[in-house]
Structures are given as structure tokens and as C-alpha cells.
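# When you get a sec, could you give me coordinates for this:
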Amino acid sequence: MKDKTYFLTCLIGSIILILGSIITIILLIDKQNIPKEDWSEYDRYIFSIFWPSSLCFNKLSGKDECFKRISELNDNIYFTIHGLWPAYKNGSNIESCNKDEDIKVIFDNKTYKELSELWPGIYTSEEELWNHEYNKHGYCYIQRIGKNPMNKFELYFQKNVELFYEFRILMEEILPDTAMGLHNVKKSKFKNFLSESHLKLKPSTYSLICQRNDSDKTNILSEIRFNYDINFNLLNKNNNLNETCPEIFQIYFSDESKEAAFEKYDFYVFSVFWIPTVCKEKGKDCYKRIKEKELNILMINGLWPSLKTNKNLQWCNIGEDIQIEEIPSELFNIMKKYWINGYSENKDFWNYEYNKYGYCYSQHINEDPSNYIFYFQKSVELYYDYDLKDFMKKIHPGMPPGLNILNKTYILEKLNERYGLGTYSLTCNKATDLHGNDIFLLYEIRLKLDMNFTNTTDGKTEDNCPEEIYAEFIEAEGPQKQAIGFNETYDMYFFTILWLGTTCHMKGELCYEKIKNVPKNKFTIHGLWPNYSNGTIITDWCNGKNDIEIEIKDSELKSFMNQYYVSGYHTEEYFWGHEYNKHGYCYMQRNGLDVNDYEVYFNLIKKLYFKYDFQNIFVDMYKNGIETGDKQIKRGEVESYFESKGLSKDTYLLVCTNITKEFSGDVQTHLLEIRVRFDLDFNLLKNGTDVSEFDCPQLFYAHFL
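You can find the predicted model right below:
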């Protein structure tokens, strides 16, 4: 009996122990509240961007307050962040990553300000929105990357911002200058726009999400959701993204609530912008729009009433837009040259600038706001008074076409010399180089002016440029070609040799990599160019028709050209084609030669190059060897060397450019090229009257490799 009682006691005790263990495990699981698969086995991310106007349009109450909130955030052209959500390819979602007590996210002022613009709370506070997104979704991401979700939450928000910059102005790119109101959109057409955007988005990588409004049977676009794998590559499969937009849906563009701005602002910003940056983002249509314009200049962006609080100014004209119709011819001709944006019709651009900003100026000077002429006159007057058009050319003379690295400190120093400390700012746009690295392109220079249009330091304007910034310099080509052909008007040639050390000093690592097999520290060929001895430069193309493609068949000639006729940033075939169609075509016509027999032109260049031993100028000057790096050179030494070769100093030009040193920020004048004058029979031409604005001083540098 004792044994039986003992057995039952042990059995009951074991059962209780087992039940206790099970209960303990359940409690522990409940305490953890995050099944392992929730944060370690999900296999994709959904990144959602939000079109905030749709939220306001569908609100049953508080619609005006909602639009007002949007107007405080952006200019009606930006998406905002909705969130980055861990998910499964089978379509199921993670209900909540953090099932413990919510973690409260806290940011410093700088981060808070950036997130408030990119990830705003429209009908709730930013803090509430960010806390929700982090605890529901971001907690998983932080665990996935092996960090502590309790205190590394900022990494989740950084990832959202990183992804978002690719998409922020997507609507402006695919539907620029869309009027306010509700617009019917065909889904297939909209997706074509996305495919043709700079991101080249495939329809299978995203989903369009619409909100259904049963009262008026509309389907308003609210979100675009992008499908990423766990390494943040876009998935080329629409894995259960549940697209909800029908073939015909609507997009609502708000009027930014057009809250009157007059009498609220306290200074002006006069903005000029670098249009190559706009075209680099907008694509070939933008380049076509500016093809007949003066290139590589700063153009007018606008004159903007502004607030010292740095808040965005709302619309000045809260009524019906004033349409820009008649403009005096002299003013109109200036505006169509120097006040364009590269992607919309001029009058649409001017309408926007006047109704949003210029209307306030008219009120400020007590003019009838329907008379817009005074605003445009004032803007053009400031453009000339502050001598902004050629600012970049003057501080960076001789910049070759393509992307060039600039130094922010140097630009600011030059602005300071002109306008005074703190009276200006720069803005940059984020882009990607050929290696996929993030770079920043110069976009704007903004001058701060008081209400009397003199410089002021009181205003606060955006300055988001890093120390190393890029600017694209455009070369006129394509449809802009004007054929001069065989008209016997030019009377000389420039034979131009190039110092690649300077080119690569400006272009960076890609250039150094490209010329690694080129003989070092020897002058290479830039080209042979028809020109005028009176100093007038031919900028038109000799071949105004379709380009002749260059294919060098003579193996000896091709070997020579691959060594001594190279570009630091273009393929050789492109470079040779450019030089021949722009310059060599004239030589062939002038001498009655078949323009398709282009090897004759290149053999002439080869002959001139070796006749004067141009490649070895510095090799001969410095027979004891040259150390790598920057060497200061006396102009007189070069002139003496050329004199010994039979070239007097009135037969050539030494062309220099300014380069900003990467670490010190010092500006040095570097030799870029040498241009030797020849008459039409290729005899040295003396006493040319042409003088380059980039002529080298008595002391300059050359960068040796």
C-alpha cells in the first residue's frame, strides 16, 4: 500500500512538475512575444511611399487643416515615407515585431528636422507615427542586422531615408507641372512613365495602392509599395503586393492650401541654379530643351519672399492664378534665355514663380498684383547686378565636359569675396556615379537679400552640400550643330596638346584608371581645330549632318592613337568621332577630300605631333627626372624650351585652369593644354591676336603621374 501511495505521489508530482514547466515555457514565450520566424525568417521587405494629398482628399472632416499641414511640409511634388515593413513572399505579414512595452524613439534636433520633412505625421504627431512604425516593423529590422532594438532604432530610420531619396521627386519627374485638382490616370500609362523614369522601374517591382471612395466612386492613389529582398535588391516579381488601383484611377494634386504669405515674410532669397544638374536628373528631353541656350551658366530660378524661421512660405496669391501673357520684348528675350527650368514650358514656370512668390513682391512695392512685369524686371535686374551668370566659369575656367569635382570651401570663399560672409548658401541634389556611389551635384546658389534688396545675414536658407561636390559641364553638340562646312572663312588651325595630369586631377579615380596604360608625363593630343586669327573662336560644328562613325583600320595609326590621342573620361571612339565631326570635317572639305576618308586627317595630326616632338616637352626640360605630384613651373622656362625648338612665344597659347586641393582647400593654377597656331598650309603662324582668358600666369603647376 505504501509503495502504491508513493508511486501515486511521485506520479502526481511529476505531472505537476511537467505542467509547471509547460506553463513556464508558455509564460516565457509570451514574455518574449516575438516568434523567432517573425524577425529571422521573413524573406522580403515592403518599402512604402505615401502621396499625402490623397489622405486629405478622402477625409470626411478637417480637410482644410489636412491640406494646410501638407503645405507646411513640401511643395506638392514630393512623396513622403510610409514605412519599411518586414514581410513574407507568400503574402503574409508580421502583425507586430515588438510585443513588449513600446520603445519610445528619440532623436536629436537635426535628425528630427529631417524626418519631419521626409516622414511627417499628417493626422497624428510625428512621434506617434514613428513610434508605431518602429515597434510594429523596425524592431524586426534591427534584430535582423544583429543590433540591439532597444537603443539602435535610428538605424531603421536611416535605412528608410536612404531608400526614400531615390523616390522622393518621382511624381515631379513623371507628371511635371500637373495642375491642382483630381486627375484621371490610366494605370498602364502611369507604369510606362515609371519605366521611363531615371530609376527604370519594372512593373513587377512595385504595387500601386489606391483608396476607394464609395461616395463618388473614385480610386485615389495613396501609396506605391516597392518589393525588396532581404539584401535590399528590388525583387523582379510582384510577390503578393496586392495592387488595389484599377486600370483607371485618380491622383489628387493639392493647391498647397495657398495660405496668403504677404506681410509674413521678412527677407528675400534670390536663387540661381545650375541647369546641367536639372538635366542630369530629368534626362534627354531636358538637354533638348536647352540645346540652343548658353551652356554652363547659372540661370534664374526665382526671387522668393522668405521667413527667418526657415519655414516654407505659402502661396502669395490665394485667389485664381494670374496668367502670364504679354511681356515686353526686350525683357521676354532675356527671360527665355536665362529663366528656364529645362523640363516645362517657360510660361508655366513663370506662372508658378509669379503666383507663388512674385505676387507678394507686387504687393510689397504697392503695385497692382495683376501687373507681373515689375517682378520679372526686378529678378532680371538682380541677376545682372550681382553678376551671377558666369560665376562658375570665372572661378573654374577651362573645365572639361562631364562631371567635375569641386570644392565647397573654395566656392564659398569666392562667394564671400563678392557678397560678404553668410549672405549666401548652396544647395545640392543627391545622385549616383558610375560605380553606384552617392555623390552630390551642385544645384543652386541662393543670395539672401533684405527687404531693400541689399545683402543680409539674417535669413536662414538650406545648405546641404558636403565638402566635395560635383558639377556637370555640358558640351554643345547634337541638334545644336551649325555646319560651317567648306566656306573658306577660317584662316588658321590650332594644334592642341593636352596635359592628362591636370585632366585626371579634376576628374578623379575614373580618369586615372582609364589612362593607366598611356605613357606617363607626356603631352597627348587634344585635336586640330579650324579657327580665326583675329581671335574669334569657332564653336559651330563642321559636320552639321549625321555624325560619321570613326573606325580606324590602319593598325599602325590605331596603335599610335590609342597611346597618344586619348581622353581621360570618354571612350576613344567617342573622342575621335567628336574631334573629327566638329573639327576635322572642315579640313577634309577645304582640301577637296572625301569626308569618309578620315584617316587622312588623323595621319596629319600624327605627323604634326612627331614633327615638333610635342609629347616630350617636359621630359626634355627636366632630364634629371620628375617626381610624382605637383611641380611649380616658370612660364619663362617653357618659353625658352619652345624657342630652342623654333617656336616663338607668339606662336602658341599656354592654357591653364584652377584646381582646388582636396585636403587643404588651396587653389592652384594648373597647365591644361598648349595650343600651337598654324596657317592653312601648316606653317607656324606668328602674331596671332587671339588671347585666351585662361592664359597661364608667370608661375603655374603641372601634376606629374
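# Can you tell me the element Ile605 falls in?
Using DSSP states H and E, the secondary-structure element containing Ile605 is helix 599-611.
# what's the spacing between the nearest residue in space to Val518 that is not next to it in sequence and Lys522?
Spatial nearest neighbour of Val518, chain neighbours left out: Val566 (5.5 Å); criterion: Cβ to Cβ, 6 or more residues apart in numbering. For the C-beta atoms, the positions are set from N, CA and C on the backbone; glycine is no exception. To Lys522, Val566 is 11 Å away according to Cβ to Cβ, to the nearest Å.
# ditto for Tyr470
The gap separating Tyr470 from Lys522 is 28 Å, by Cβ to Cβ.
# Val566 and Lys522 - which one has more neighbours?
Counted by other Cβ atoms under 10 Å, Val566 and Lys522 do not tie: Val566 has more neighbours, with 21 against 18.
# Surely that one and Tyr574 touch.
No. In this structure, Val566 sits apart from Tyr574 without contact. The criterion is Cβ atoms under 8 Å, and the distance is 11.4 Å.
# what about the helix holding Ile605, average pLDDT?
Taken as a whole, helix 599-611 has a mean pLDDT of 94.
# try stretch 79-88
The average pLDDT for stretch 79-88 rounds to 90.
# Stretch 305-324 too?
Per-residue pLDDT values across stretch 305-324 average out to 71.
# for stretch 251-267, same thing?
59.
# Can you name the secondary structure element that comes next after the lowest-mean-pLDDT helix or strand in the chain?
In the chain, the helix or strand scored least confidently by mean pLDDT, DSSP states H and E is helix 36-40, which has a mean of 46. Stepping forward along the backbone from helix 36-40, the first helix or strand reached (DSSP H and E) is strand 44-50.
# Make sure Glu162 is indeed in a strand.
No. With the criterion set as DSSP: H, G, I helix; E, B strand; the rest coil, the secondary structure at Glu162 is helix rather than a strand.
# which regions of the stretch 151-300 of the chain sit below the pLDDT cut-off?
For the stretch 151-300 of the chain, residues meeting the criterion pLDDT under 70 lie at 169, 172-181, 215, 238-241, 254-264, 284, 291-292.
# 90 - rerun?
With pLDDT under 90 as the threshold, the stretch 151-300 of the chain has low-confidence stretches at 151, 162-204, 211-220, 222, 233-243, 247-268, 275-297.
# Domain-wise, how is the protein divided?
In terms of domains, the chain is parsed into 39-253, 259-473, 481-704 (source: automatic domain parsing).
# just the helices in the stretch 1-150 of the chain please.
2-32, 36-40, 52-57, 63-71, 109-118, 126-133, 139-144 (DSSP state H, counting those that start in this stretch).
# Comparing the ones you listed by mean pLDDT, which bottoms out?
Ranked on mean pLDDT, the bottom entry among the helices of the stretch 1-150 of the chain is helix 36-40, at a mean of 46.
# does the residue nearest to Val518 count as helix, strand or coil?
coil.
# Can you report phi and psi for it?
When quoted as degrees, to the nearest 10, the phi and psi of Val566 stand at phi -120, psi 160.
# what residues are up against it?
500, 514-515, 518, 524, 572, 575 (Cβ atoms under 8 Å, 6 or more residues apart in numbering).
# now swap in Tyr42 and tell me
Contact partners of Tyr42, counting by Cβ under 8 Å, 6+ apart, are 86-88, 94, 140, 144, 230.
# Tell me the one among these nearest to Pro246.
Sorting these by distance to Pro246 puts Ala87 at the head of the list, at 23.6 Å, by Cβ to Cβ.
# my read: that closest one touches Glu95, true?
No. Between Ala87 and Glu95 there is no contact under Cβ under 8 Å: 11.1 Å.
# Those two: who's more crowded?
The residue with more neighbours, out of Ala87 and Glu95 and counting by other Cβ under 10 Å, is Ala87; that gives 22 against 8.
# Mind listing the residues bridging to the more buried one?
Beta bridges link Ala87 to Arg44, Asn93, judged by DSSP bridges.
# Return the distance of it relative to Leu170.
According to Cβ to Cβ, Ala87 stands 22 Å off from Leu170.
# ok, Ile209 touching Ser222?
Yes. At 5.6 Å, Ile209 counts as touching Ser222 under the criterion of Cβ under 8 Å.
# what touches both of those two?
Counting by Cβ under 8 Å, 6+ apart, no residue touches both Ile209 and Ser222.
# give me the low-pLDDT residue ranges for the stretch 351-500 of the chain?
Low-confidence regions of the stretch 351-500 of the chain, defined by pLDDT under 90, span residues 352, 355-357, 359-361, 363-370, 384-441, 447-492, 500.
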